Structure formats: C-alpha cells, structure tokens
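> Here's my sequence, what's the structure:
(2 chains)
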Amino acid sequence: MSTATLEPRVHAPRNYLNADYGWKSWLFTLDHKRIALLYLVSITFFFIIGGSFAVLMRIQLVEPQGALVQPETYNKLFTLHGVVMIFFFLIPSIPAVLGNFLVPLMVGARDLAFPKLNLLSWYIYIVGGMFTLYSAIAGGVDTGWTFYTPYSSTYSNTQVTAVAIGVFITGFSSILTGLNFIVTIHKMRAPGLTWFRLPLFIWATYATSIIMVLGTPVLAITIFLLALEHLFHVGIFSPALGGDPLLFQHLFWFYSHPAVYIMILPAMGVVSEIIACFARKRIFGYKIVAFSSVAIAVLGFLVWGHHMFVTGQSVYAGLIFSLLSFLVAIPSAVKVFNWTATLYKGSISFDAPMLYAMGFIGLFTMGGLTGLFLASLATDVHLNGTYFVVAHFHYIMVGGAVMGYLGGIHFWWPKISGRKYPNGWAALAAAIIFIGFNLTFFPQFVLGYLGMPRRYAFYPAEFQFLNVMSSAGATILGVGYLIPLIYLIWSMRYGPVAEPNPWGATGLEWQTPSPPPTENFAEIPVVTEEAYAYDEQEAAHE
Amino acid sequence: MQGFPFQPEQASTIARSVDYLYWFITAVTLFFTTIIFATIFYFMLKYRRRSPGERPKAIEGSLPLEILWTAIPTLIVAVIFVWSSSLYVRNAEPPKGAMEIFVTGKQWMWKIEHPEGQREINELHVPLGRPVKLTMTSEDVIHDFFVPAFRVKKDVLPGRYTSLWFEPTKVGTFHLFCAQYCGAFHAGMIGSVIVLEPDAYERWLAGGVQGESPEAAGEKLFLQQGCGTCHLADGTGPGPSLLGTYGNSVKLTTGETVTADDAYMRESILAPRAKVVAGFIPIMPSFQGQLTEEQIGNLIAYIKVLGKSQPPPPKEEGKK
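Prediction:
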C-alpha cells in the first residue's frame, strides 16, 4: 500500500488524504487520521510476517516427525509468531488503527488531545518493531512469547535481549495511546455528548485504555528485570542465582491476562457499532453493555493465577483464581445476549460488516465458553499446556479480535478511504474466513483433550489426522485473509466513490464527508440525541 | 495416519471423574452455542430488511431480562466451580501409604528413581492399583510432568519440589509428556508410564540392574559429605539430631514453627541459614552446587528413614 494509490482525483474536495502530498506530509503528520493509516500499513505488514510464521508451523505439523524444519527452528517460528501477532498486531490493531481514526470523529473533536504524543507513539512502535525484526534476522528467539524463566533468562542463547527490548519499547507506545484516548474522551467530547450518549466503541476503547495505562508498566518492569538477569546475572527469577522461578509468571500474567482484554474489548466495541447499524436498532441494554466493558477491564486484573494452576500454586490460591475467572465470564456472556437481543424486531441487512460481526459473535461465544474448561481446576489440570489452550485463545484472539477488526475495517473503510469495496467479495471472504478458522482451530480442541502438548516440533503419530485437518483449514483461512487485502487495495483506486454515510448509520463520524477533512468537522457538532437513535432517523429522513 | 478417539484412555482412578466434568462443561458449551446460533439465525431471517426505509422502534432494554441472563450463567458457572473445585481438592493430597518415587526433569529427559533403588530414564514402571506419589524437581528449567491417560499434570520446577499422585487402573503403556516448553528438544522430552500387574511389577523390580536404594545412597552421602560430624544422633553435636525429625514440626530461632518436610530439608541443605532450628547457631555451610538433585533426594530419603528404623532417643528435640 503506497501513498501514491491514496491520491484522489483532481477535482476531489479537500480532505485529509489530499490535504498535502509527499512522504514528509505522512511521516511528520499530526493528523490522527493519517497516523491511523500509518498504523494500518505497519500492522498489516506485521500481520503478514506473523501469518507467514504460522504457515510454516502448520506445514511442519503435517507430519509427525516434522515436515519442514529442525526443532530449534520450529521453536523460533512459534515464538516469533506469538511475539509479532500479540505485541505488534493484535494489541495495536483496533485501538491504534480504528481507535486513532475514530475516537476524535466519534466524540466530535478535531483531533486527539495530544497529537504530537500520538505521532510519537507510532514512532516508538516502529522502533520496537525494528528491534524485533532485527532479532528475527539475527538468529531468532526461542523462548515462546511468554518468555518463561529461568529458560529465557539463563538457558536460552538466542536473541532474548533484542526481543525483550523490542517489546519493552513498544509498551510505551501502548501507554501513550491509552493516555491520549483517556484524556480525549474525558475532555474533548462535543457539546451535548454526555457519557451515556457515547457510542459503545468509545466505552470499549476507554476500558481498553485503562488496561493499557495500568497494565503495560508492569510488563515493562517485568521485561526489564528479565533483561537484568539475562545480561548481568542478577538473581531475580533463576533459582540457581537465588531467584524465584515462578515470580516471572506472576508478573507476566498480571499484564498478559488483561492484555487479552486489550485485544478483545475494542472488537466488542466495533461489533456493537456494526450490529446497531445493520439492525437499525439501538443496542439492547446500552448501559449494561457499556458497564460490562468496564467490569471486564477491572476483573481482568484479578484472574492471572488461572495460568498457573499446575505450577504447584497453593490449593486456596487456585480456588480463588478459579472463582474470579468464572466471574469474568459473566459480563462477556451478558454482552452476547444483549447483541442477540438487539436483532429482535430489527431491520437486518447482510452487508459484509454485519457478516463479520456475526462471525465474531459465533467464534467469540465458542472461545468464551471453552474458557470455562480452563477456569475449572480439575479440567484445567488435564488441559493446561495442551492444544486445547491454543484453540481456546485463538478463538478469542483470532476468531474474536481479528474478526472484529476486519468487521471494523469493512464498516469504516468508505469513511477512511472515501471508496467502496465490492460487497460480494467481502461477504465471500467473511464466509471463507469463518469456515477456514473453524477447520483450523476446532480440531485443536480435540487434540488438546487427547493430550497433545503445545509447542511440539514433532509429535506421536496418533495425533497426525487432526493436525492434517488443522493445516488444511489453515490454507483456507490464509486464502480468506488474502482476499480482503486484494480488494481493499483495489478499491482505493477503482472502488466507487463513497458518500458521507453509505450505511445510513448514526454517529458523528458519518455526519462529515468521506474521507473527512483534516479538521474533521466544518463546525463542531452539537449532540442532542442518544447513540444509535435509528428510530429518530426515520423522522428526520421522511 | 489413523483416526482418533473422542477422549484419551481412562487409566487412573480420577480419570473418569474428570471426564464426567469435562463432558458436562461440553454440554453447557453446546447448549449455549446452539441457543445463540439458533436465535441469531432465526432473528436474521425473521427480521431481515424488506425495504430500505425501515426504521424499527427502539427497544431500550429490559431489566428483568438482564437479571435473568446474568443469573442463569452465574448459577451454571457456580455449579461448575463447586463441582470442579471439590474434585480438585479431593485429588490434591495423595492417599496414605502411597508408593513414593523421585523424579528429576532435565533438558531433555526424565530421570526416575524408585524406592527400591531402580533407576530409569524416560520410563516409569508402576504396579496396577497402588497409589503412587511422585516428588519432582528440575535440574535446569521448568518442565511439566503430564500423563494424559491419568489426567494428571504438574510443573517440575528448579529449586523446589512439587508432587503429584495417581493410582493406575489399567495395565498398559501410556504417554508421558513434558507439557512446559523447555528448549530445543522439548518435543523429545517424552517417555512412557508402564503399568504392570503387581506380580509382573515384582518381577520387573527383581530383574534388571539393581541399583542402590535411595536410602542407602543417602546414607553413603551422609557420611561422605560429613553430615554426621555435626548432626550427631544423640543431639550433642553443633547441629540438631536428625533422628525422627522428618515430618515433625521444628521450632526455629525466629520463634516460628515449620514442618520438616521435603521442601524444608532441601532448603536446609542448600540454604542452611534461612531457617535455623532454635537453640543452634547458623554455622552450617551451604551445599548449593555441590550436590545433584538426585543426591539431595537421596539424602532426604535417608533422613526420612532415620527416625523410623530405630526409635528416636527420648526428649531429643526438647533438650535443644
């Protein structure tokens, strides 16, 4: 995706895309919409890298003895797949791309509160990404994205430090983005836009930002300590140096479990917007859905111990973490019920964004429910560390978060690019992704229950059948992801020009031209109605 | 390539109860997935848009419905929580009289030491129908001892002991996996648990290379390392007598009382000054780096039998 393809026709009205030209106008831009596009291009790049690692892994696992590479190489593949996908794609995906683009537009502001910090956070992200890419080129890293000690700190002789620095740096990008959103949502809402008139995407982004600001520093400290032990042999995590072997896991999961909600909450926000629009209905139980985001963000900080049920954790700690983990399932379930109820007596159309949103609900429901097996102590003992866990979190993070992200991209693409994409292709891609995803990851639930541990470069022959199924599904999934990449790029030049509000949606972002002018709104709008007032729309249009 | 079964073999006393719970949660999952999928499909068909101008009336929400669909999932997860937790708590402690086997994980192998002295690598022979308790530690990184057919799993940590137990109910050979990523050949850190009929197990014990029993090896180490110089049996030495100490509570200089279990013994060998017995001065040197995990295990095995093989002299602890 180059800037050239984004240049509109000569007679186009002034907008943020044609306001200025040349690479400097992009790399030094302070416009939140242009920064969102910088992120869009960069995370797409990292998604392709992380996806390529996954392709190689699935090829490897077609044969029990490992079809492609040596175990050392396989270990590096799954490590880099995890690191790239989580820290450089999923965590920034919806917040940094759609959040950056939409938060000011949705609250009726001209930009985020701190435009320079916003640009800085992109540069920080890129510098962190460079360290990670360097580590991949310089020999890779083989600790798993979880960096468990003492393996990572004292035993692995791969590029642990480079990756640790990369993740450490990128964390600051998250913190700054979160901070920017919090301040913007508090201080820059348009006149009349009260908290309970905010779109649910803003509520979800707000909850996400809180996790980013409170959780990410803990990750930074943890990684700093890891580097300290790795480089200078200060005994913190390694028992041989006098450290505690489990301390790292406590610190790591204190951030990394909430990080799952950094990935899924924004997707939930996106889905709320899409369902309201394509059912022409206000979200059922708006306040409940809004508060459930906050409840998930808060409870999410108290469940990290469920990653450690088999570490020899005390029985009582296990019981408490199990109970809290069950509790965090409730607000998620409530959201799903409310989305479903929103469809009741709606006027439902099946445009591509809606198909992605429905795909999200289906896959997230399965991902969430399979979490019950892992919150439950007796079953977790058997399933912990197996492919069941791999399947579960991919249902949440790929089935959920990526489906939500793609839904959002399809929903707001006319606003972002000013062009429309072919709806038929988009619907086809959504269907292929849904089918390919289930074929890839459903067999992994069975594999895990049968006892196949994760992170195995080769495996006993009896697991081959399910692994071949999974790899076959991954091929379909890969094709599914390629199709939108092609038609979205195509649409930037050849797609029909989009009107300001092609979906007939409510929300301030649709009341300004597509693409919006640099200053977003000619005049700052005054809000007089609730979010998703689709029934009021009728009066206005007729 | 072959087909696959729906569940792993059930070869331990707890396997069936874990599977019942597993299938219950599966039923819950299917129930909710079906309800949600069916409702969505039904609504999408029934309320599909028929003309572009449609603007259905807004529905604000419904408090009774919200309460209902908060309460029902809460009840269901409460049932799962209570069921699962009681199962877990019940299975947490090994039954009395369990056979004790020492396991050391190391990149990338499992080293097993039987009470009778047999040593094996990546194979664990156990008799049918007898509870077996494993005491485990690692010489390097974190490993994880996982036997799917028994539904048991526990991390194997460097620097501390963890334990798990099982009682085999089926004769056969079962997978033993390392389930915590431990480096290059993690996938190769696999072995088998071989469950034998009790008499076949006796024959297995009698055959093969008879090693030293852990206690005998521990006794030798006790002498070699000079432990006996200070830890005199009558308690008059500079270190406390170890007769009958194992398993009892010990009063520390700090006034605290601890149980002299495996973890305490291990700590006292490697970091003797961490928890000093009341009445003694911290002069014992650390044996950190001088003993392998197996040797430490042997020493503890010896200390364990010290009290049992001969009656402890009266009032040994009280005097100090």
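> For the rest of this, base every contact and every neighbour count on C-alpha atoms.
Noted.
> Confirm A:Val69 sits in a strand?
No: A:Val69 is assigned coil when assessed by DSSP: H, G, I helix; E, B strand; the rest coil, not a strand.
> Now do the contacts for it.
Each residue near A:Val69 by Cα atoms under 8 Å, 6 or more residues apart in numbering or on different chains is listed here: A:Gln60.
> any idea how far it lies from chain B?
Distance, A:Val69 to chain B, by Cα to the nearest Cα, to the nearest Å: 12 Å.
> and A:Pro92, helix, strand or coil?
helix.
> tell me the phi and psi of the residue in the stretch 151-300 of chain A positioned nearest to chain B?
Distances between the stretch 151-300 of chain A and chain B by Cα to the nearest Cα are smallest at A:Gly285, namely 4.3 Å. When read as degrees, to the nearest 10, the backbone of A:Gly285 gives phi 60, psi 50.
> dump the residue contacts of residue 304.
With no chain named, the answer covers chain A. A:His250, A:Trp253, A:Phe254, A:Ser256, A:His257, A:Phe321.
> please go with chain B instead
Contacts for B:Lys304 (Cα under 8 Å, 6+ apart) come out as B:Gly244, B:Thr245, B:Tyr246.
> which one among the residues you listed gets closest to A:Phe309?
Taking Cα to Cα as the measure, A:Phe309 lies nearest B:Tyr246 of the contacts of B:Lys304, at 28.0 Å.
> Tell me, what's the model's pLDDT at the closest one?
Confidence at B:Tyr246, expressed as pLDDT, is 85.
> And for B:His231?
85.
> That one contacts B:Leu243, correct?
No: contact criterion Cα atoms under 8 Å: B:His231 and B:Leu243 do not qualify, at 9.2 Å.
> which one of the two has more residues nearby?
B:Leu243 (24 against 18; other Cα atoms under 10 Å in any protein chain shown).
> my guess is the residue of the stretch 151-300 of chain A closest to chain B contacts B:Pro64, does it?
No: using Cα under 8 Å as the test, A:Gly285 is too far from B:Pro64 to be in contact (11.1 Å).
> Have a look at those two and say which one is more surrounded.
Applying other Cα under 10 Å to A:Gly285 and B:Pro64 shows that A:Gly285 carries more neighbours, namely 22 against 9.
> tell me, how many neighbours does the closest residue to that one other than its chain neighbours end up with?
Nearest non-adjacent residue to A:Gly285, counting by Cα to Cα, 6 or more residues apart in numbering or on different chains: B:Gly61, 4.3 Å away. B:Gly61 has 18 neighbouring residues, counting by other Cα under 10 Å.
> what do you get for A:Leu302?
The number of residues packed near A:Leu302 is 17, by other Cα under 10 Å.
> helix, strand or coil for the nearest residue to it once chain neighbours are set aside?
Distances taken as Cα to Cα, 6+ apart place A:Leu324 nearest to A:Leu302, at 6.9 Å, with adjacent residues excluded. Three-state call for A:Leu324 (three-state DSSP): helix.
> before we move on, what about A:Tyr148?
Going by three-state DSSP: A:Tyr148 is coil.
> All set, thanks.
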